[in-house]
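Visitor: Everything below, folded, please.
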Amino acid sequence: MLDPSSGAAMNSAMARKTRKIVKDPIRLRDRPRLFVRRAIKYIFRGILIMIALAVLLTATFSVVNPPTTPYMFSESRRVGGVNQIWVAMDDIAPVMARSAVAAEDADFCIHWGLDLTAIQAALEDGANRGGSTISQQVVKNVYLWQGRSWFRKSLEALITPLVEAVWSKERILEVYLNVAEFDDGVFGVEAAAIHYFGVTAAELSPVQAARLAAILPSPKTRSASQPTSYIRSRAASIVDGAATIRADGRAACFE
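Guide: This next block holds a predicted model:
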């Protein structure tokens with residue numbers, strides 16, 4: 001004779017198995033949706049971490065001098081070391097700062113990091129013209145890498161307004177003058193002034209400062225101490241430009 005309790009147990013087990021079989025198709029249908037939700041959650045967390053890291057590095061370098069840059073590091077490995085001496089803005093001749101701005105970004109004190117007019121002109125002119133501001137060049141040198149990829153340019157465009165919001169204009173220009181390349185393995189205006197003219201950055205004359213600014217777009221192929229006729233002509237224009245931005249107030253944000 002069958003035990004009623006054993007029969008009840010079998011019925012209960014079969015009921016649980018039936019419920020499991022019924023639920024399994026629902027779980028299979030839900031798996032793609034759960035996967036997408038989980039992926040979105042992790043992507044969102046990753047974006048938040050990247051934003052927090054960018055803010056932290058931006059705030060840090062607003063007061064701490066970058067020990068190196070990705071490009072400087074790669075050049076150091078290539079040539080066996082680089083020549084760089086960090087100097088504060090107070091130890092750089094004001095005419096050097098004005099010359100760099102006049103040569104590279106005359107509206108430096110006016111824009112918020114991205115010069116839309118210059119970018120549009122660069123797009124219309126193709127590869128023959130650059131549209132990067134000094135702020136963008138600082139972001140590229142300190143945080144990113146060299147190259148013309150759209151991905152890097154997009155990151156540069158995202159980070160630049162953050163740097164402009166956290167750093168002062170004077171700090172942006174100070175970092176720029178200290179990490180810019182002036183010759184093969186020569187970085188920063190102090191090392192460049194000594195390398196080319198045997199003087200410190202504080203002792204640069206208007207012509208010397210203009211010649212240093214004139215070689216910035218292509219430092220490996222140009223010389224400030226042995227200028228070509230083009231560099232002499234370009235330097236003369238920069239001398240005039242530096243005087244102009246001082247007179248019309250476009251140098252006020254860093255002087």
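Visitor: only C-alpha atoms for contact and neighbour calcs from this point on.
Guide: Will do.
Visitor: What is the least confident helix or strand in the protein?
Guide: helix 116-125 (a mean of 59; mean pLDDT, DSSP states H and E).
Visitor: tell me the mean pLDDT for the helix or strand that it is followed by?
Guide: For helix 116-125, the succeeding helix or strand toward the C-terminus, using DSSP states H and E, is helix 134-143. Mean pLDDT, computed over helix 134-143, is 95.
Visitor: roughly how far is helix 134-143 from the heart of the chain?
Guide: Mean-position distance between helix 134-143 and its chain equals 4 Å (CA atoms, centre = their mean, to the nearest Å).
Visitor: Do a quick rundown of the helices in the stretch 51-200 of the chain.
Guide: 70-79, 94-104, 116-125, 134-143, 150-166, 169-179, 189-197 (DSSP state H, counting those that start in this stretch).
Visitor: Got the domain ranges for this structure?
Guide: Using automatic domain parsing, the domain parsing of the chain gives 6-57, 84-247.
Visitor: Can you pull out the low-pLDDT segments for the stretch 1-150 of the chain?
Guide: Along the stretch 1-150 of the chain, segments meeting pLDDT under 70 span 1-30, 116-131.
Visitor: With respect to burial, which of the domains of the chain scores highest?
Guide: Mean neighbour count (mean count of other CA atoms under 10 Å) peaks for domain 84-247 among those, with a mean of 19.
Visitor: How far does that one stretch from one end to the other?
Guide: Across domain 84-247, the terminal residues are separated by 32 Å (CA to CA, to the nearest Å).
Visitor: Could you verify my assumption that Ala59 touches Glu164?
Guide: No - using CA atoms under 8 Å, Ala59 is not in contact with Glu164; the gap is 11.0 Å.
Visitor: burial measure for Arg78, as a count.
Guide: The number of residues packed near Arg78 is 11, by other CA atoms under 10 Å.
Visitor: Against Ile194, how distant is it?
Guide: Taking CA to CA, one finds Arg78 at 22 Å from Ile194.
Visitor: before we move on, what about Met96?
Guide: Counting by CA to CA, the gap from Met96 to Ile194 is 14 Å.
Visitor: what's the answer for Ala102, then?
Guide: Distance, Ala102 to Ile194, by CA to CA: 22 Å.
Visitor: what's the answer for Ser74, then?
Guide: Counting by CA to CA, the gap from Ser74 to Ile194 is 23 Å.
Visitor: Please apply the same query to Asn178.
Guide: With the distance defined as CA to CA, Asn178 ends up 13 Å from Ile194.
Visitor: Ok, Ala97 next?
Guide: Distance of Ala97 to Ile194, given as CA to CA: 17 Å.
Visitor: what residue is smack in the middle of this protein?
Guide: Central residue of the chain (CA atoms, centre = their mean): Val139, 1.7 Å from the mean position.
Visitor: Surely that residue touches Thr160?
Guide: Yes - contact criterion CA under 8 Å: Val139 and Thr160 qualify, at 6.2 Å.
Visitor: what separates the residue nearest to Glu203 when sequence neighbours are not counted from Gly188, distance-wise?
Guide: In this structure, Glu203 finds its nearest non-sequential neighbour in Ala93, 6.4 Å apart by CA to CA, 6 or more residues apart in numbering. As defined by CA to CA, Ala93 lies at a distance of 13 Å from Gly188.
Visitor: hmm, back to that, tell me, what's touching Met96 and Ile194 both at once?
Guide: Residues touching both Met96 and Ile194 (CA atoms under 8 Å, 6 or more residues apart in numbering): Ala201.
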